[in-house]
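In: Predicted model and sequence below, questions to follow.
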Amino acid sequence: MIRFDDVTKTYDRTARPALEGVDLEVARGEFVFLVGASGSGKSTFLRLVLKEDVATSGAVHVAGKDVKRLSSWKVPHLRRQIGVVFQDFRLLPGKTVFQNVAFALQVIGRSRSSISAAVPEVLDLVGLQGKADRLPHELSGGEQQRVAIARAIVNSPAILLADEPTGNLDPTTSLGITRLLERINGRGTTVVMATHDDDIVDSLRKRVVELVDGRVVRDEHQGGYMTGSVPLVPAPDVAVDHRGAAVVDVPTDGAAADAGGARA
Amino acid sequence: MRFQFVLSEIGIGLRRNLAMTISVVLVTFVSLTFVGAGALLQQQVATMKGPLYDSVRISIFLCTQDSLSPSCSGAATEANKEAIQAALTSPPLSEYVAEVRFESQDEAYAQFQEDFSDDELSASVTPDQLPESFRVGLVDPERFQVIRESFSGSPGVEQVVDQGEVLEPFFSVLNTLTVASLVLAAVMLVAAVLLIGTTIRLAAFNRRRETGIMRLVGASSLVLQLPFLLEGVIAVCLGAALASAALLVAVRYGVSDWLAVQVPSFDYVGTADVWVVVPFLFVGGVLLAALASVVSLSRYLKV
């Protein structure tokens, strides 16, 4: 569903690349946590998937298309297959819950009848029954994030990107939001969630991809937020493929050494 | 649905950005008024010249039975006419003359009736009061003196008139005014383009929250940019409408009702001429707005 082939992204006048030599594949229907400190490249990763930015080198494939070769008038169609949720919700303050969700369908030209059918259904799914006429400021943070999620998935996208969706929420609410994302994942949507909420990552035991300074240093099935089994310092570019075989990629001498059993 | 959505977006945008919208309307109003004024001044030049001015502007008026000029003794005779015709069409004069046309009294009368149709004077004129004339076009219009010297005082010739001598001073004034109003218009149009660009930039900034979400959920650039573009176009159309109204009022009350009464000896542009100019103001204004919009949209509202 998402494939990065040796992707490097350098922003102008920055000495260090935001992403460097990232190889990563996210299969259809997967749930992936993207973890790492601020500035490790999580947001850049998501921006490249959305074609908000274009990789400096390497290829990014999303939903079977090379986004670099996608002409700009086709970018909207790419984005219709991707839902996005942010830490700060990004709801329109003057619109009700219903209108906020409907907005996503209006601007892509859906008919009024299909909107009035789809919106209540998705509000039910995210657990906002009976709150369609509230304004965003009348809702709690968790409820606002549910509205944002409803807006992101109302068009049934194949991929849902969540950029620290629980960053502004308390732990209990955060878990609820993550469970919701898990439920959406269960309906077949590929979910990529960037986070540094260790409790959530540890409690869900999903695939974890860790970025440090723009490099993938860890890729584990059913991983935790931290792992003791892979040496992070000094950071040889350790990539563990998600089927379990760990690979240490040392680009300087071009040889791939087998780190055998990096994950116990 | 999409159309309705775009319309409501436009409404929101115009209201939020009211002060900027009004300034765009006013600046385009003033600039298009000057553009229109320049066009009407040129139309006035064309009206004064008449259809034959550029080719045939010299008239050799012949004596009528009532002529008082010393060279006249009663109406010009056939012999007089033949002599003039022969002089014009044979060397040395024929090398200066490009065209000769004889205008009979009946033709002069018909032309007179047409020129002064709404004048009570025309009713009291009869064909035999109007002079016959030779209308002469020169190869080089500057060589008028040659014709004047050859025929002034000739038998049967009452007067040799170069229309150019009478009208050129007016034309130079009108042309200067045209240049002045087009220069002003150009300056105002530059201001209008920059203002439209700035307005769109501000509007895009004001609505960055909405447009950000629209981009994320995959709105096409048409849906994203059309409201901004149409806002500019609507503002410019209002400006063009005001400019057209101003020109119509100025021509109707300033020219037709006042100038034409004060100085009745010329033909003037009328409201019909303004209506010819109006569509060009709208089309030009809209093209301008679209151009300015596209430039600033491509900078501030990329997909």
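Out: All right, it came through fine.
In: any idea which helix is longest in the chain?
Out: Since no chain was named, I'll use chain A. helix A:171-186 (DSSP state H).
In: That was the other one, I meant chain B.
Out: Secondary structure of chain B per DSSP H: the longest helix is helix B:163-206.
In: how about the residues of chain A near chain B?
Out: The interface of chain A toward chain B, taken as CB under 8 Å from any CB of the partner chain, is made up of A:50, A:72-73, A:75-84, A:90, A:92, A:103-104, A:106-112, A:115, A:151-152, A:155. All C-beta spots, glycine's among them, are computed from the backbone N, C-alpha and C.
In: Return the subset of these lying in strands.
Out: When DSSP state E defines the strands, the subset of the residues of chain A next to chain B inside them is A:82-84.
In: list the contacts for residue A:104?
Out: Residues in contact with residue A:104 (CB atoms under 8 Å, 6 or more residues apart in numbering or on different chains) are A:151-152, A:154-155, B:213, B:217.
In: Please repeat the previous calculation with a cut-off of 7 Å.
Out: Counting by CB atoms under 7 Å, 6 or more residues apart in numbering or on different chains, residue A:104 touches A:151, A:154-155, B:217.
In: Could you find the lowest-pLDDT member of those residues?
Out: Least confident entry in the contacts of residue A:104, by pLDDT: residue B:217, with 90.
In: how near is the spatially closest residue to it that is not a sequence neighbour to residue B:219?
Out: Closest residue in space to residue B:217, ignoring its immediate chain neighbours: residue A:104 at 4.1 Å, by CB to CB, 6 or more residues apart in numbering or on different chains. Here the criterion is CB to CB, to the nearest Å. By it, residue A:104 lies 9 Å from residue B:219.
In: elements contacting the longest helix of chain B?
Out: helix B:18-49, helix B:221-249, helix B:271-300 (3 or more CB pairs under 7 Å, 6 or more residues apart in numbering or on different chains; DSSP states H and E).
In: can you tell if whichever helix or strand comes after it touches chain A?
Out: Using DSSP states H and E, the helix or strand that follows helix B:163-206 towards the C-terminus is helix B:208-216. Yes - against chain A, helix B:208-216 shows contacts by CB under 7 Å from any CB of the partner chain at B:209-210, B:212-214, B:216.
In: For those, which single residue is the most surrounded?
Out: Ranked by neighbour count (other CB atoms under 10 Å in any protein chain shown), these have residue B:214 at the top, with 25 neighbours.
In: Can you get me a residue count around the nearest residue to it once chain neighbours are set aside?
Out: Take residue B:214 and drop its neighbours on the chain: the residue closest to it by CB to CB, 6+ apart is residue A:107, 4.7 Å away. When neighbours are defined as other CB under 10 Å, residue A:107 has 25 of them.
In: now residue B:95
Out: By other CB under 10 Å, the residues close to residue B:95 number 10.
In: now do residue B:70
Out: 8.
In: neighbours around the closest residue to it other than its chain neighbours, how many?
Out: In this structure, residue B:70 finds its nearest non-sequential neighbour in residue B:153, 7.8 Å apart by CB to CB, 6+ apart. Neighbours of residue B:153 under the rule other CB under 10 Å: 11.
In: looking at this, residue B:153 is in a strand?
Out: No - going by DSSP: H, G, I helix; E, B strand; the rest coil, the assignment for residue B:153 is coil, not a strand.
In: Go ahead and confirm it touches residue B:72.
Out: No - here residue B:153 does not reach residue B:72: they are 10.2 Å apart, not a contact under CB atoms under 7 Å.
In: about what we covered before: export the residues of helix B:208-216 next to chain A to CSV and tack on distance to residue B:252 and pLDDT?
Out: CSV is the format used below for the residues of helix B:208-216 next to chain A (distance: CB to CB, whole Å; pLDDT from 0 to 100):
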residue, distance to residue B:252, pLDDT
B:209, 49, 89
B:210, 45, 88
B:212, 50, 90
B:213, 51, 91
B:214, 47, 91
B:216, 54, 89
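In: now the residue nearest to residue B:214: how far from residue A:101?
Out: Residue A:107 sits 12 Å away from residue A:101, going by CB to CB.
In: now residue A:198
Out: To residue A:101, residue A:198 is 31 Å away according to CB to CB.
In: For the two, work out which one has more neighbours and name it.
Out: A direct count of neighbours by other CB under 10 Å for residue A:198 and residue A:101 places residue A:101 higher, at 28 against 12.
In: Would you mind naming the helix or strand containing the more buried one?
Out: Here residue A:101 is assigned to helix A:97-106, by DSSP H and E.
In: Need the residue closest to the centroid of chain B.
Out: residue B:43 (2.5 Å; CA atoms, centre = their mean).
In: Give me the pLDDT for it.
Out: The predicted local confidence for residue B:43 is 86.
In: what do you get for the one 10 residues further on?
Out: At residue B:53 the predicted local confidence, pLDDT, stands at 64.
In: Show me the strands in chain A, by range?
Out: All strands of chain A, identified by DSSP E, fall at A:2-9, A:19-26, A:31-35, A:57-62, A:65-66, A:82-86, A:159-163, A:190-195, A:207-212, A:215-220, A:238-240, A:246-250, A:255-258.
In: picking up where we left off before, distance-wise, check the residue nearest to residue B:70 relative to residue A:144.
Out: As judged by CB to CB, residue B:153 and residue A:144 stand 101 Å apart.
In: go on, residue B:301?
Out: Relative to residue A:144, residue B:301 is positioned 26 Å away (CB to CB).
In: cool, and residue B:8?
Out: Counting by CB to CB - residue B:8 and residue A:144 are separated by 24 Å.
In: Compare those two (neighbour count), which wins?
Out: When residue B:8 and residue A:144 are compared for neighbours, residue A:144 comes out ahead with 23 against 12, by other CB under 10 Å.
In: Could you double-check that that one sits in contact with residue A:93?
Out: No - look at residue A:144 against residue A:93 with CB under 7 Å: they stay out of range, at 10.5 Å.
In: so what sits against both of the two?
Out: residue A:136.
In: what's around residue 18, how many residues?
Out: Just going to use chain A. Using other CB under 10 Å, residue A:18 has 23 neighbouring residues.
In: Let me rephrase: I mean chain B.
Out: Residue B:18, neighbours per other CB under 10 Å, totals 9.
In: likewise residue B:268?
Out: 18.
In: now the one 5 residues further on
Out: Residue B:273: 18 surrounding residues under other CB under 10 Å.
In: Quick one, grab the pLDDT at it.
Out: Reading off the model, residue B:273 has pLDDT 89.
In: Skipping adjacent residues, who's closest to it in space?
Out: The spatially closest residue to residue B:273, leaving aside those adjacent along the chain, is residue B:43, at 4.9 Å (CB to CB, 6+ apart).
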